[in-house]
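1. For reference, the sequence and a predicted model appear below.
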Amino acid sequence: MKVYMNKQGQHEIWIYDQISRWGVSAQKVTEAVNRITAKKLTVRLSSPGGSINEGLAIYNYLKSCPKEITVMIDSTVASIATIIAMAGDRVEIAETARFMIHNPWIDARGNSRKLREMAELLDKFRDDMIMAYQTRSKLTKEQLIKAMDKETWYAAKEAVTNGFCDSIFNANKSSKAHYDIVAYAMSHGWTLPEEIQNTPTDGGLKMDELLKVLGCSNEQEALLKVQQLAADNSSLKEKITEIEARQNKLNAEAAVNSAIAEKKLLPSEKDFAMSLYAKDEKLFNEYLASKKVTTLDVTEPVESGTPTAKKDYGYYLNHQAEWIELCEKNEALAGKLESEWDPYTQKEGE
């Protein structure tokens, strides 16, 4: 499926494939139509049919769409594809095209009860298709059932005579389709410069205006330019993401080092604090705010006149008053010392 714009600036959707989730799906059609802001839309159709469910979904969506829709049948439309054609406010068929209707069918297996149930379901799908045909055709339900039973191929003139189509068009006089660069880019998820997106339009972007904005001489050159812009855009986004990550790491290091210098954090907490900052700066600040500032140095002298010793949990077991003071000033540090102390490798009081 492609999105184009013709010489008159009118948007066209080309459904030139089978109707299915892996061909032209209802999701692809709805997404494409939703990107088009013009009030008029042409659906060019050439399809052998396919999935009943996907086809009915496309039909119902186009039928309810507020845009004025013209369906142009460029070649053979068959089976469920003919139902999609019925969604047009106007339906035109090429003089060499064909319009085929038949009963819905599926590959099925199972016991007799399951097969009877499936046959009943197929009859219901047939009735749904007949309702769609009768929004345009003057044929009765019985006439349509008969035509579908024998699989009927209508020539262009017959399709008009039976009310499926409004008129026949001469393919040699139809306007040549042109790329709608913006619609093409949007359908591929590209981000275009604002000067292109904001180019004034009247029912669709004028190709000469787009060529002027891009500084291109023809449509193919414009398409290549848009593709290059999209590639540059993607590369730039990657570089910005890389720079932002690097800056975030520098900010985290500065914030954590400052907190350590102010004794709000222990050096051993640096890795944890860095990961917390990287995840969410707000959480990091809340974590700091929840901690009490301590002036107690873990490596300060144990007693006057004695060598400097590390105050671990074993030391505090013999200095209860200091332990209580530490718990009041820095509960997190107290908990950390307690959890890290190994009584099997250290002696109490060391």
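-> Perfect, I can see it now.
2. Go ahead and confirm Pro48 touches Ser20.
-> No. With contacts counted by Cβ atoms under 8 Å, Pro48 stays clear of Ser20, the gap being 10.6 Å. C-beta coordinates here come from the backbone N, C-alpha and C atoms, glycine included.
3. list the residues that contact both of the two?
-> Here Pro48 and Ser20 have no joint contacts, going by Cβ atoms under 8 Å, 6 or more residues apart in numbering.
4. Mind giving me the packing neighbours of the host helix or strand of Lys336?
-> Secondary structure assignment for Lys336, by DSSP states H and E: helix 331-340. Helices and strands touching helix 331-340, by 3 or more Cβ pairs under 8 Å, 6 or more residues apart in numbering; DSSP states H and E, are helix 313-317, helix 320-329.
5. which one of the ones you listed has the lowest average pLDDT?
-> In terms of mean pLDDT, the lowest-scoring of the helices and strands packed on helix 331-340 is helix 313-317 (a mean of 68).
6. How many residues are close by Lys282?
-> 9 (other Cβ atoms under 10 Å).
7. Confirm it sits in a helix?
-> Yes. Counting by DSSP: H, G, I helix; E, B strand; the rest coil, Lys282 falls inside a helix.
8. what residues are up against it?
-> So Lys282 contacts nothing (Cβ under 8 Å, 6+ apart).
9. any idea how far it is from Ala255?
-> In this view, Lys282 and Ala255 are 12 Å apart by Cβ to Cβ, to the nearest Å.
10. swap in Asn53?
-> 56 Å.
11. quick one: which of the two has more around it?
-> Set Asn53 next to Ala255 and count neighbours by other Cβ under 10 Å: Ala255 wins out with 18 against 14.
12. so where is the stretch 1-150 of the chain shaky, pLDDT-wise?
-> Applying pLDDT under 70 to the stretch 1-150 of the chain picks out residues 1, 4-9.
13. circling back to that earlier point, report the angle between the helix holding Lys336 and helix 320-329.
-> 120 degrees (axes from the mean of the first three to the mean of the last three Cα atoms, to 10 degrees).
14. Determine how far helix 331-340 lies from the middle of the whole chain.
-> Centroid displacement of helix 331-340 relative to its chain, using Cα atoms, centre = their mean, to the nearest Å, is 48 Å.
15. Could you pull up the mean pLDDT of it?
-> For helix 331-340, the mean pLDDT works out to 76.
16. List the buried residues of it.
-> Within helix 331-340, the residues that count as buried by 16 or more other Cβ atoms under 10 Å are Leu333, Ala334, Leu337.
17. how far away is the second one from Ala261?
-> Read that as Ala334. 21 Å.
18. Check the first one too.
-> With distances taken as Cβ to Cβ, Leu333 is found 16 Å from Ala261.
19. Repeat that for the last one.
-> The span separating Leu337 from Ala261 equals 21 Å under the rule Cβ to Cβ.
20. and if you look at Ala85?
-> Distance of Ala85 to Ala261, given as Cβ to Cβ: 75 Å.
21. Name the single longest strand found in this protein.
-> The longest strand of the chain (DSSP state E) is strand 68-78.
22. Residues contacting it, please?
-> The contact list for strand 68-78 (Cβ under 8 Å, 6+ apart) reads 16, 39-49, 62, 84-85, 87-94, 96-102, 159, 165, 169, 171, 174.
23. could you redo the last one with a cut-off of 7 Å?
-> Applying Cβ atoms under 7 Å, 6 or more residues apart in numbering, the external contacts of strand 68-78 come out as 39-49, 62, 85, 87-94, 97-100, 165, 169.
24. now for the very next helix or strand once past that strand, which elements pack on it?
-> Beyond strand 68-78 on the C-terminal side, the first helix or strand identified by DSSP H and E is helix 80-85. Counting contacts by 3 or more Cβ pairs under 7 Å, 6 or more residues apart in numbering; DSSP states H and E, helix 80-85 packs against strand 40-47, helix 52-64, strand 68-78, strand 98-101.
25. again, 8 Å this time
-> Other helices and strands packing on helix 80-85, by 3+ Cβ pairs under 8 Å, 6+ apart, are strand 40-47, helix 52-64, strand 68-78, strand 98-101, helix 112-133.
26. Tell me what angle the following helix or strand past it forms with strand 40-47.
-> Scanning forward in sequence from helix 80-85 by DSSP H and E, the next helix or strand is strand 90-94. Going by the same axes, to 10 degrees, strand 90-94 is angled at 40 degrees with respect to strand 40-47.
27. partners of strand 90-94, with directions?
-> In the sheet, strand 90-94 lines up against strand 68-78 (parallel), strand 167-169 (parallel) (DSSP bridges).
28. Compare Ala85 and Ala261 (neighbour count), which wins?
-> Neighbour count, other Cβ under 10 Å: between Ala85 and Ala261, Ala85 has more, with 27 against 9.
29. pretty sure that one is touching Val91, no?
-> Yes. Using Cβ under 8 Å as the test, Ala85 is close enough to Val91 to be in contact (5.6 Å).
30. follow-up on the earlier one: check the strands paired with strand 90-94 for me and report the most buried one.
-> Per-stretch averages of neighbours, counted by mean count of other Cβ atoms under 10 Å, single out strand 68-78 among these, with a mean of 21.
31. Check the offset of it from the chain's centre.
-> Its chain's C-alpha centre and that of strand 68-78 lie 28 Å apart, by Cα atoms, centre = their mean.
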